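Asker: Got a sequence here, can you model it:
(2 chains, ligands or ions: 1)
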Amino acid sequence: MGLDFVGRGVEETDGNIITTTIDKVVNWGRKNSLWPMPFGTACCAIEMMATLASKFDLSRFGSEAIRFSPRQSDLLIVSGRISIKMMPVLKRIYDQMPDPKWVISMGACASCGGVFDTYTLIQGVDQFIPVDVYIPGCPPRPEDLIDAVLQVQQKITSGASPKGVEVVV
Amino acid sequence: MNEEKEVEEQSKPLVLEKLEEHHADSLLAQDEARGTVVVVVHKEQVYAVLEYLKTDPELAYAFLVDITAVDNSQMESELMQFDYARFMIVYQLYSFQDQCRVRVRVPVHENDLSVPSVTALWKGANWLERETYDMFGINFEGHPDLHRILMPDDFEGHPLRKDYPLRGRGERERFNFDKQNV
Ligand code: SF4
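Answerer: Numbering: from 1, shown residues only, chains lettered A, B, ... in the order given. Next up is the predicted model:
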């Protein structure tokens, strides 16, 4: 793998010397080792587990180091229904993750409440925490989750800030 | 074959026979739903009836499957039957000995929402009664720790009552992150 960032603002000269910027190298590192914090509260979490397991193997994309501590992770995967009692917990976990951090809202429920238009369910977690990538589906297939992780990676490579970060210019 | 079947259908389930013998004045009605015996019991005697069903050695309905309630406020036909009692508390019991079930229903009026707690008979009733309290506002007297189990503590109302709006009263759009004890 190594030099897959050559060509995107990275110059390879003769011999073994490359020139680049710190940002590019750091982003390259971040992109290839996203550590997800799984927030699986319902059926979508089963698909997330499948994505992490051997058959779909998210580790092919550098994201297999699932952390169950928000303080060690930089990608929050919200997969499942979030009730009004759970939302403060989710918010707290999001707040505990160190910057920079990205959020994937997996499935219809996390993104908009899904079929559960009821008194107890948050109609989209983006009302309370910033979401970078939404995945439609009920549940989405593992390929969809992989695609979402790749989109987060693209976002990182492109240098765009995560949705939750205010950019001071 | 046919004759045998008829005989089977005619014979009264043991649980009904015994209840009629020992608790005849507690029984408001009896019925059968998909092979399960259903008895409607007067609120004042429900503890005694459940205790009898649990401890009688011939019946031994020792396993409490579920406690829940039904809000009949929009079911005129049900309301009429039991003197316009709005709620029906439902106890579902199972006997490992005979491998059969019995359902005990208790009509409860809206102006007197308390029924005796059965936590002394079954420890497992604790959370079931808390859920019924949370969802319907039924007050289980003698429960050791009766407070909400599913909804947040500061939630107002009882969401499985028929007059509670499906989309709630705005709880899901506005809530205070600071106030919640996470
Ligand atoms: S979107 Fe579908 S699969 Fe996912 S949590 Fe909701 S109901 Fe379950």
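Asker: Double-check residue B:158 against residue B:135; I have them as touching.
Answerer: Yes. Using CB atoms under 8 Å, residue B:158 is in contact with residue B:135, at 5.8 Å. Using the backbone N, CA and C atoms, a C-beta is placed for each residue, glycine as well.
Asker: pLDDT weak spots in chain A?
Answerer: Applying pLDDT under 70 to chain A picks out residues A:1-15, A:164-169.
Asker: And the strands in it?
Answerer: Secondary structure of chain A (DSSP state E): strands located at A:11-12, A:18-19, A:36-40, A:75-79, A:102-106, A:133-135.
Asker: Chain B is nearest to which of these?
Answerer: Chain B lies closest to strand A:36-40 among the strands of chain A, at 13.7 Å (CB to the nearest CB).
Asker: so what does that closest one touch, helix or strand wise?
Answerer: helix A:44-52, strand A:75-79, helix A:87-96 (3 or more CB pairs under 8 Å, 6 or more residues apart in numbering or on different chains; DSSP states H and E).
Asker: I'd like the strands of chain A laid out as a markdown table, including mean neighbour count and distance to residue B:66.
Answerer: Rendered in a markdown table, the data for the strands of chain A read as follows (neighbours: other CB atoms under 10 Å in any protein chain shown; distance: least, CB to CB, whole Å):
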| stretch | mean neighbour count | distance to residue B:66 |
| --- | --- | --- |
| strand A:11-12 | 12 | 69 |
| strand A:18-19 | 12 | 67 |
| strand A:36-40 | 21 | 27 |
| strand A:75-79 | 28 | 29 |
| strand A:102-106 | 27 | 32 |
| strand A:133-135 | 22 | 36 |
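Asker: since we're on whichever residue of chain A sits closest to chain B, how many residues are nearby?
Answerer: Residue of chain A nearest chain B, by CB to the nearest CB: residue A:119 (2.9 Å). Neighbour count of residue A:119, defined by other CB atoms under 10 Å in any protein chain shown: 20.
Asker: wait, what's in contact with it?
Answerer: Taking CB atoms under 8 Å, 6 or more residues apart in numbering or on different chains as the contact definition, residue A:119 lies against B:159, B:164, B:165, B:166, B:167, B:168, B:169, B:171, B:172.
Asker: Could you give the number of residues near residue A:89?
Answerer: 15.
Asker: contact partners of stretch B:165-172?
Answerer: With contact meaning CB under 8 Å, 6+ apart, stretch B:165-172 is reached by A:84, A:117, A:118, A:119, A:120, A:121, A:122, A:123, B:155, B:156, B:157, B:159.
Asker: Please indicate which of those are buried?
Answerer: Among the contacts of stretch B:165-172, those scoring as buried are A:84, A:118, A:119, A:120, A:121, A:122, A:123, B:155, B:159 (criterion: 16 or more other CB atoms under 10 Å in any protein chain shown).
Asker: Farthest-apart pair in the residues you listed, please.
Answerer: The span of the buried ones among the contacts of stretch B:165-172, defined through CB to CB, is set by A:123 and B:155 at 17.3 Å.
Asker: Who are the contact partners of the residue lying closest to residue A:94 once chain neighbours are set aside?
Answerer: Once flanking residues are discounted, residue A:94 sits nearest to residue A:129: 4.7 Å by CB to CB, 6 or more residues apart in numbering or on different chains. Contacts for residue A:129 (CB under 8 Å, 6+ apart) come out as A:76, A:90, A:91, A:94, A:103, A:164.
Asker: Please apply the same query to residue B:48.
Answerer: So residue B:48 contacts B:23, B:26 (CB under 8 Å, 6+ apart).
Asker: Same question for residue B:105.
Answerer: With CB under 8 Å, 6+ apart, residue B:105 has these contacts: B:38, B:39, B:40, B:41, B:88, B:89, B:90, B:91.
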